[in-house]
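[1] How does the following fold in three dimensions:
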Amino acid sequence: MAAKILVVEDEEKLARFTQLELLHEGYEVETVGSGRKALEMAVQHQYDLILLDIMLPELNGLEVLRRLMKERPTPVILLTARDAVMDKVSGLDAGAVDYITKPFAIEELLARIRVALKLHPAVGNAGAASAEGSRDEKGVLTWGPLSLDDPRHKVLYGTHEITLTNREFLMLKTLLENKDIVLSRDTLLERVCGYEYVGETNVIDVYIRYLRSKIDDVFGVKMIHTVRGVGYVIKPWEEDEQK
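    Next comes the predicted model:
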């Protein structure tokens with residue numbers, strides 16, 4: 001089934017060019033030129049990916065992204081003419097999975113789309129579950145009493161809701177999707193922070209520490225394991241080990 005992509009771009013020629021290229025690649029494509037209309041469409045319909053310009057009329061792209069992550073989390077690649085580091089960082093912190101600076105080569109955009117669709121499957125196009133079958137048909141990943149509800153962007157331990165930032169949520173989701181598989185820091189950095197990340201190289205260790213403080217320490221469990229010299233892993237739930 002072809003991935004469904006929403007192109008949010010107010011430059012008509014660029015929007016049409018992008019649409020035609022994506023149609024040629026076999027994607028289903030819709031376009032919209034204003035931020036307010038884009039948010040309305042994105043909340044009402046399920047898209048596999050959204051290409052979102054930052055400079056938009058009515059509602060700028062970053063505000064659309066922030067509201068979307070609260071109402072209907074969807075993989076987003078930001079399209080921006082701005083090359084400022086803070087614009088990129090703000091977008092990634094708000095929940096975007098990647099960004100590309102205009103003008104861009106269409107081959108690069110297509111490559112980033114392929115990677116985003118592979119690494120960040122939207123609800124309804126999640127692909128195969130992990131070896132433990134921890135994702136159910138509703139997009140919920142589990143580990144013992146812990147559940148991560150991807151569509152609702154919610155994490156529960158039993159009946160207790162755990163408040164996570166966008167990157168903490170994506171980190172936990174990535175580890176749960178690859179349960180019992182050790183993920184290197186570089187892999188986690190790529191999946192959680194995106195390409196061309198500008199910042200501290202130990203950011204993955206920082207987010208792991210945040211997750212442990214909110215889950216392991218609070219509920220008295222050992223969920224995230226460190227594999228020295230390699231990375232991190234969530235092992236299958238073993239009740240005896242958690243007592």
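[2] make it CA atoms for all contacts and neighbour counts henceforth
    Noted.
[3] and Gly231, how far is that from Tyr99?
    Using CA to CA, to the nearest Å, we find Gly231 at a distance of 26 Å from Tyr99.
[4] same question, Arg185
    Applying CA to CA, the value for Arg185 to Tyr99 is 21 Å.
[5] between these two, who's got more neighbours?
    Applying other CA atoms under 10 Å to Arg185 and Tyr99 shows that Tyr99 carries more neighbours, namely 24 against 18.
[6] residues touching that one, list them.
    Contact analysis of Tyr99 by CA atoms under 8 Å, 6 or more residues apart in numbering lists Ile77, Leu78, Leu79, Thr80, Lys88, Gly91, Tyr195.
[7] out of everything not next to it in sequence, what's closest to the third one?
    By that I understand Leu79. Nearest residue to Leu79, sequence neighbours excluded (CA to CA, 6 or more residues apart in numbering): Asp53, at 4.4 Å.
[8] With Val43 instead?
    Arg72 (5.7 Å).
[9] and that neighbour, what is it in contact with?
    Neighbouring residues of Arg72 by CA under 8 Å, 6+ apart: Ala42, Val43, Pro151, Arg152.
[10] how about the strands of the protein, start to end?
    4-8, 28-32, 49-53, 76-80, 98-101, 140-143, 146-149, 154-157, 160-162, 183-184, 224-227, 231-234 (DSSP state E).
[11] Compute the inter-axis angle for the second one and strand 4-8.
    For the pair strand 28-32 and strand 4-8, the angle between their directions (axes from the mean of the first three to the mean of the last three CA atoms, to 10 degrees) equals 20 degrees.
[12] Okay, buried residues for strand 28-32 please.
    Within strand 28-32, the residues scored as buried using 16 or more other CA atoms under 10 Å are Glu28, Val29, Glu30, Thr31, Val32.
[13] For those residues, give me TSV that also has distance to Glu21 and pLDDT.
    Formatted as TSV, the buried residues of strand 28-32 follow (distance: CA to CA, whole Å; pLDDT from 0 to 100):
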residue	distance to Glu21	pLDDT
Glu28	11	93
Val29	10	95
Glu30	12	95
Thr31	13	95
Val32	16	94
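[14] pLDDT below threshold where in this structure?
    In the predicted model of the chain, residues 1, 82-85, 121-138, 194-201, 239-243 satisfy pLDDT under 70.
[15] let's see it at 50
    Counting by pLDDT under 50, the chain has low-confidence residues at 123-134, 137, 195, 198, 240.
[16] picking that back up, let me know the closest of the buried residues of strand 28-32 to Pro145.
    Glu28 (38.0 Å; CA to CA).
[17] so who does the residue lying closest to the closest one once chain neighbours are set aside touch?
    Once flanking residues are discounted, Glu28 sits nearest to Lys4: 4.6 Å by CA to CA, 6+ apart. Going by CA under 8 Å, 6+ apart, Lys4 touches Tyr27, Glu28, Val29, Tyr47, Asp48, Leu49.
[18] how much space is there between the second one and Gln19?
    Looking back up the chat, that one is Glu28. 9 Å.
[19] same check, this time on the fourth one
    Distance from Tyr47 to Gln19, counting by CA to CA: 15 Å.
[20] Compare those two (neighbour count), which wins?
    Higher neighbour count among Tyr47 and Gln19: Tyr47, with 25 against 20, using other CA under 10 Å.
[21] Ramachandran angles for that one?
    When quoted as degrees, to the nearest 10, the phi and psi of Tyr47 stand at phi -110, psi 150.
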